[in-house]
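Q: Next comes the sequence, and after it the predicted model I'd like to discuss.
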Amino acid sequence: MPDFGAVRAFLEPHHTDIGHRVGDFVTREIAPLPVPVDDAAARAQARDILGRLGRAGWYAPIAEQHMRDCCLIRETLAASSPLADAVFALQALGATPILLAGNDEVKRRWMPAVLEGRAMASFAMTESEAGSDVAAIATTARPDGADYVLNGAKTFISNGGLADFYTVFASTDRARGNKGLTCFLVPADTPGCRFVRPLMLSAPHPLGDIAFEECRIPAANRLGADGDGFKLGLATLDRLRPTVGAAACGMAQRALSEALEHAAARRQFGRPLAEFQLIQEKLARMATDLTAARLLVYRAAWETDQGAERVTIEAAMAKAFATEAAQRIVDDAVQILGGRGVLAEHPVDRLYRSVRALRIYEGTTEIQHLVIAGQLLK
């Protein structure tokens with residue numbers, strides 16, 4: 001459960017109740033789930049978790065765009081199950097462009113199913129030559145009467161092959177670079193939308209390549225105006241990057257807790273590890289990094305909840321610092337646990353395999369630093 005004391009200045013009384021309720025939910029319904037042994041098991045469990053979260057009402061803060069609630073949920077989920085955190089994160093990523101720019105028809109068709117856990121979302125931006133360089137997106141969408149026709153391929157797509165719909169970024173005018181990008185909602189069963197292959201991560205996480213081959217969708221499925229895709233993508237990431245930091249904090253908290261428990265119980269040279277100053281130094285640094293990360297995360301979420309139109313620099317700082325700090329904390333936990341920390345069945349080893357991706361997706365740390373510097377230099 002998140003440490004409310006460290007971030008109390010950015011929370012309101014009802015957040016304590018949310019934290020306790022999601023903690024109870026995770027203890028009852030998520031923690032007992034087995035760790036998936038392969039990609040097929042991860043995909044099946046992701047679908048199961050999707051429904052559990054929906055039935056419990058935990059997607060509601062996405063619709064309300066209450067970012068502190070989303071951070072509390074992600075922090076708690078990630079501490080127990082990085083896969084459960086990923087399921088929640090993708091619902092938010094796929095739904096936020098609909099909430100920000102979808103027409104009433106699209107919202108009525110998809111949002112109830114998303115919030116109830118009946119429809120799984122995916123966010124399809126990355127391509128083989130367009131990761132950090134979004135302007136290099138090669139997938140095209142050409143107008144054709146009352147429709148658009150999509151052609152191209154996406155890679156590293158979370159929920160690829162599992163999602164019920166994809167929020168797809170494509171170019172409607174290649175000559176305009178990022179100003180020619182447009183966002184579309186593409187149902188997964190649309191003719192011409194094809195799951196190509198799964199991609200395997202070291203941690204359980206449904207991932208894959210998808211392709212669009214003369215994939216025809218109605219113009220009503222366009223999210224926002226022609227050419228607004230880049231702006232919409234940035235607005236979505238600004239809102240949700242702090243929640244990535246929150247997930248990192250959840251993983252870091254679990255790692256710190258495991259390290260503290262081991263240091264207190266494990267004896268070497270006739271005394272507990274916790275009595276050795278080098279171990280104490282690691283634990284102190286881990287706790288300090290985690291507290292600083294939480295403060296940056298919940299400050300950024302607080303700014304959004306207060307109605308700030310953009311939280312670009314706050315979100316970038318939160319995402320960059322929290323994910324880098326979590327990597328250090330988990331690594332220190334492995335070191336404190338020694339051989340136990342690299343056993344595949346140990347929670348800290350699972351965290352070690354899961355935390356690394358947070359420094360890459362939704363904008364690498366290096367990109368966050370460029371965003372921060374760019375904002376400072378304006």
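A: Good, I have the coordinates. Numbers count the residues shown, from 1 in each chain.

Q: Could you pull out the strands in the stretch 1-150 of the chain for me?
A: For the stretch 1-150 of the chain, the strands defined by DSSP state E, counting those that start in this stretch occupy 121-124, 140-144, 147-158.

Q: Relative to Thr16, which of those is closest?
A: With C-beta to C-beta, the closest approach to Thr16 among the strands of the stretch 1-150 of the chain belongs to strand 121-124: 28.9 Å. Quick note: C-beta positions are derived from backbone N, CA and C, even for glycine.

Q: Within the sheet, what are the partner strands of that closest one, with directions?
A: Strand pairing for strand 121-124, using DSSP bridges, gives strand 165-171 (parallel).

Q: still on that earlier bit, just the strands of the stretch 1-150 of the chain: most buried one?
A: With neighbours defined as mean count of other C-beta atoms under 10 Å, the strands of the stretch 1-150 of the chain peak in mean count at strand 121-124, which reaches a mean of 28.

Q: contacts for it?
A: Applying C-beta atoms under 8 Å, 6 or more residues apart in numbering, the contact partners of strand 121-124 are 90-91, 93-95, 114, 154, 157-160, 162-169, 186, 210, 236.

Q: CA atoms only for it - export them in PDB, please.
A: What follows is strand 121-124, C-alpha atoms only, in PDB (Å, rounded to 0.1, in the frame of the first residue of the first chain):
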ATOM      1  CA  ALA A 121      -7.500  -1.100 -25.100                       C
ATOM      2  CA  SER A 122      -4.200  -0.700 -26.800                       C
ATOM      3  CA  PHE A 123      -2.100   2.400 -27.800                       C
ATOM      4  CA  ALA A 124      -0.500   1.900 -31.200                       C
END
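
Q: from the middle of its chain, how far away would stretch 191-209 be?
A: Put simply, stretch 191-209 sits 17 Å off its chain's centre (C-alpha atoms, centre = their mean, to the nearest Å).

Q: Ignore what I typed, I meant stretch 201-213.
A: Relative to the mean C-alpha coordinate of its chain, stretch 201-213 is positioned 15 Å out (C-alpha atoms, centre = their mean).

Q: repeat for stretch 355-366
A: 10 Å.

Q: Dump it to CSV, keeping only the CA atoms.
A: Extracted in CSV, the C-alpha atoms of stretch 355-366 (Å, rounded to 0.1, in the frame of the first residue of the first chain):
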residue,chain,number,x,y,z
VAL,A,355,11.1,-2.4,-13.9
ARG,A,356,13.6,-2.0,-16.8
ALA,A,357,10.9,-1.3,-19.4
LEU,A,358,9.5,1.7,-17.4
ARG,A,359,12.6,3.7,-18.4
ILE,A,360,11.7,3.2,-22.1
TYR,A,361,8.0,3.2,-22.7
GLU,A,362,6.0,6.5,-22.9
GLY,A,363,9.2,8.3,-23.7
THR,A,364,12.7,7.2,-22.7
THR,A,365,14.6,8.9,-19.8
GLU,A,366,16.7,10.6,-22.4
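
Q: So which bits of it are buried?
A: Within stretch 355-366, the residues scored as buried using 16 or more other C-beta atoms under 10 Å are 355-359, 361-365.

Q: Around Asp133, how many other residues sit close by?
A: Burial measure for Asp133: 11 neighbouring residues, criterion other C-beta atoms under 10 Å.

Q: if I look at it, how far off is Asn159?
A: To Asn159, Asp133 is 23 Å away according to C-beta to C-beta, to the nearest Å.

Q: Over to Asp189?
A: Distance of Asp189 to Asn159, given as C-beta to C-beta: 14 Å.
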